[in-house]
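Undergrad: Fold the following and give me the result.
(one chain, ligands or ions: 2)
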Amino acid sequence: MYLQRLLLAIAVALFAVVVLATEDYYKILGIDKTASDKDVKRAYRTLSKKFHPDKNPNDENAREKFVEIADAYDVLSTSSLRKIYDQYGHDGVEQHRKGGSAGGGRGNDPFDLFSRFFGGGGHFGHAPGARRGPDMEVRAALPLRDFYNGREINFLVEKQQICDSCEGTGSKDREVVTCDRCSGRGMVIQKHMLAPGMFQQVQMACDKCGGQGKQVKNPCPVCAGQRVVKKGVETSASIEPGMGKGTRLVFENEADESPDWVAGDLIVVLDEQEPELGASEEERTDGTFFRRKGKDLFWKEMLSLREAWMGEWTRNVTHLDGHAVALSRKRGEVVQPFSVETVVGEGMPFYSEGHLHDHHEEGEDEPGNLYIEYVVVLPDQMESGMEKEFFALWEKWRKKIGVDLRADSGRPVPLPADEHKDEL
Ligand SMILES: [Zn+2]
Ligand SMILES: [Zn+2]
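TA: Numbers count the residues shown, from 1 in each chain. Ligands and ions are numbered 1, 2, ... in the order given. I've put the predicted structure just below:
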């Protein structure tokens with residue numbers, strides 16, 4: 001019975017190995033065979049963070065995935081192994097590893113790999129002893145149109161990166177030797193003579209190795225032994241329709257890197273750009289001048305005196321995505337200056353930051369409204385014939401209705417001059 005169980009266990013274990021081994025390394029990293037080293041790194045950067053067990057506690061699948069990703073990266077990022085893998089597949093790589101001087105087996109701890117890549121102890125910030133680097137904030141100004149439609153943005157962030165060439169060791173040949181001055185302690189004791197025969201001992205950081213205790217034999221030519229380089233890193237973010245201005249997009253562990261710490265977070269703050277007339281024709285929508293307040297949009301529409309007064313007009317306001325919002329009045333429908341029309345649902349799209357509410361408020365998940373404010377423009381130039389005709393028309397109707405301008409003005413009628421007494 002015991003033996004049977006054991007055999008079964010072995011069979012299951014073998015099966016598991018076979019299943020693991022058939023998963024394609026390129027597939028695991030989501031890249032194709034032509035992927036560059038950079039692509040491989042990028043894929044590992046993203047996936048290893050996503051499936052790191054620290055981020056997925058008690059999730060056995062994520063853990064397995066994390067190990068798989070590390071394995072795939074280990075092979076595909078080493079050009080000799082990648083060549084073997086491309087030609088002979090998993091078996092080839094295994095053979096090669098077994099034949100290696102390391103004595104076979106998989107010598108790579110996925111956490112080790114992770115920490116070599118990101119710096120730190122192989123875990124995220126809360127791992128004991130791991131220091132965390134500073135967070136980094138960048139601002140991205142976008143036109144309102146992008147907040148309405150959503151968009152992928154790509155930008156370069158100038159930041160400190162672990163030197164690819166030496167993998168953050170600072171050494172050209174990865175050879176690190178113990179500092180000969182401090183014997184690896186990082187500290188040296190200096191004697192100061194205070195008086196003849198009287199010494200004071202002071203312990204201070206070793207100046208030869210900078211307190212590291214270790215020294216690089218041949219400094220890496222790319223980073224000059226600094227272990228890090230400054231460079232622009234292409235970053236992309238997706239702006240979801242309806243996101244608010246001031247939204248903070250957090251890219252975990254994407255701030256300045258260093259072998260001495262776990263990188264802090266890169267935070268992209270979304271700003272709204274001042275509207276400007278579209279530089280290119282297709283960007284030219286009336287909506288350039290929409291104003292936003294929360295979920296709602298505001299728009300000023302000009303009407304001529306005739307339109308405001310007599311009605312019978314239609315307008316198509318081009319919205320931020322190019323669709324038209326039709327406004328109209330029938331003959332005889334008056335629009336008062338500064339009156340506001342509400343177009344329900346034509347404001348900003350609804351956007352949820354992913355919070356789940358226990359109680360659902362009415363209209364909470366609906367788009368905002370569009371408020372049209374009417375501005376009436378009076379004609380200040382008329383052909384003289386037209387002006388005369390209008391004036392005559394007023395005169396005719398004033399006399400007919402008997403309008404007394406003074407009485408109708410609503411102001412108090414002044415007393416005759418002789419009855420007027422000066423209050424002083
Ligand atoms: Zn370097
Ligand atoms: Zn030293």
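
Undergrad: For the chain, what lies in contact range of ligand 1?
TA: Cys163, Ser165, Cys166, Cys220, Val222, Cys223 (Cβ under 5 Å from the ion). Every C-beta, even on glycine, is put in place using the N, C-alpha and C of the backbone.

Undergrad: Please identify, among those residues, the one with the most neighbours.
TA: Taking other Cβ atoms under 10 Å as the neighbour criterion, Cys166 ranks highest of the residues of the chain next to ligand 1 with 25 neighbours.

Undergrad: now that one, what's its secondary structure?
TA: coil (DSSP: H, G, I helix; E, B strand; the rest coil).

Undergrad: Looks like it contacts Lys217 (just checking).
TA: No: Cys166 lies out of contact with Lys217 (Cβ atoms under 8 Å); the separation is 11.9 Å.

Undergrad: Val75 - how many residues pack around it?
TA: Residues contacting Val75 under the criterion other Cβ under 10 Å number 22.

Undergrad: residue contacts, it?
TA: Residues near Val75 by Cβ atoms under 8 Å, 6 or more residues apart in numbering: Tyr25, Leu81, Arg82, Tyr85, Val93.

Undergrad: Are we agreed that the fourth one is in a strand?
TA: No: membership of Tyr85 in a strand is not supported by three-state DSSP, which gives helix.

Undergrad: Give me the distance between it and Ala195.
TA: Distance from Tyr85 to Ala195, counting by Cβ to Cβ, to the nearest Å: 70 Å.

Undergrad: try the third one
TA: Using Cβ to Cβ, we find Arg82 at a distance of 67 Å from Ala195.

Undergrad: More neighbours: the two, which one.
TA: With neighbours defined as other Cβ under 10 Å, Arg82 and Ala195 compare such that Arg82 has more, 19 against 7.

Undergrad: Who are the packing partners of the helix or strand hosting that one?
TA: Following DSSP states H and E, the helix or strand that holds Arg82 is helix 79-99. On a contact count with 3 or more Cβ pairs under 8 Å, 6 or more residues apart in numbering; DSSP states H and E, helix 79-99 meets helix 60-76.

Undergrad: how about the helix it packs on: buried residues?
TA: Going by neighbour count (16 or more other Cβ atoms under 10 Å), the buried part of helix 60-76 is 62-63, 65-76.

Undergrad: what angle separates it from helix 79-99?
TA: Here helix 60-76 points in a direction 110 degrees away from that of helix 79-99 (axes from the mean of the first three to the mean of the last three Cα atoms, to 10 degrees).

Undergrad: Could I get the average pLDDT for helix 60-76?
TA: Averaged across helix 60-76, pLDDT comes to 89.

Undergrad: how far is it from where the chain is centred?
TA: In terms of Cα atoms, centre = their mean, to the nearest Å, the centre of helix 60-76 is set 26 Å apart from its chain centre.

Undergrad: before we move on, back to that, same list, the buried residues of helix 60-76, but as JSON lines with distance to Val334 please.
TA: As requested, the buried residues of helix 60-76 are exported to JSON lines (distance: Cβ to Cβ, whole Å):
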{"residue": "Ala62", "distance to Val334": "65"}
{"residue": "Arg63", "distance to Val334": "71"}
{"residue": "Lys65", "distance to Val334": "67"}
{"residue": "Phe66", "distance to Val334": "69"}
{"residue": "Val67", "distance to Val334": "74"}
{"residue": "Glu68", "distance to Val334": "71"}
{"residue": "Ile69", "distance to Val334": "68"}
{"residue": "Ala70", "distance to Val334": "73"}
{"residue": "Asp71", "distance to Val334": "75"}
{"residue": "Ala72", "distance to Val334": "71"}
{"residue": "Tyr73", "distance to Val334": "71"}
{"residue": "Asp74", "distance to Val334": "76"}
{"residue": "Val75", "distance to Val334": "77"}
{"residue": "Leu76", "distance to Val334": "72"}
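
Undergrad: tell me which of those is nearest to ligand 2?
TA: Proximity of these to ligand 2 (Cβ to the ion) peaks at Asp74, which lies at 32.0 Å.

Undergrad: Could you verify my assumption that that closest one touches Leu113?
TA: Yes: with contact defined as Cβ under 8 Å, Asp74 reaches Leu113; the gap is 6.2 Å.

Undergrad: Now do the helices in the stretch 151-300 of the chain.
TA: For the stretch 151-300 of the chain, helices defined by DSSP state H, counting those that start in this stretch do not occur.

Undergrad: And the strands in it?
TA: Remark: strands assigned in the stretch 151-300 of the chain by DSSP state E, counting those that start in this stretch are 151-162, 176-178, 187-195, 198-205, 214-216, 228-239, 248-251, 266-272, 291-293, 296-304.

Undergrad: Give the buried residues for the last one.
TA: Judged by neighbour count (16+ other Cβ under 10 Å), strand 296-304 contains these buried residues: Asp296, Leu297, Phe298, Trp299, Glu301, Leu303.

Undergrad: Spell out which residues of this structure are next to ligand 2.
TA: Cys179, Arg181, Cys182, Cys206, Lys208, Cys209.

Undergrad: switch to 6 Å and redo it
TA: For the chain, the contact set with ligand 2 under Cβ under 6 Å from the ion comprises Cys179, Arg181, Cys182, Gly186, Cys206, Lys208, Cys209, Gly213.

Undergrad: Present those as TSV; the columns should include neighbour count and pLDDT.
TA: Converted to TSV, the residues of the chain next to ligand 2 look like this (neighbours: other Cβ atoms under 10 Å; pLDDT from 0 to 100):
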residue	neighbour count	pLDDT
Cys179	20	87
Arg181	14	87
Cys182	21	88
Gly186	15	86
Cys206	19	88
Lys208	13	83
Cys209	21	82
Gly213	16	84
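
Undergrad: Next one: Gly332 from Met310, what distance?
TA: Separation of Gly332 from Met310 (Cβ to Cβ): 7 Å.

Undergrad: That concludes my questions; thank you for your assistance.
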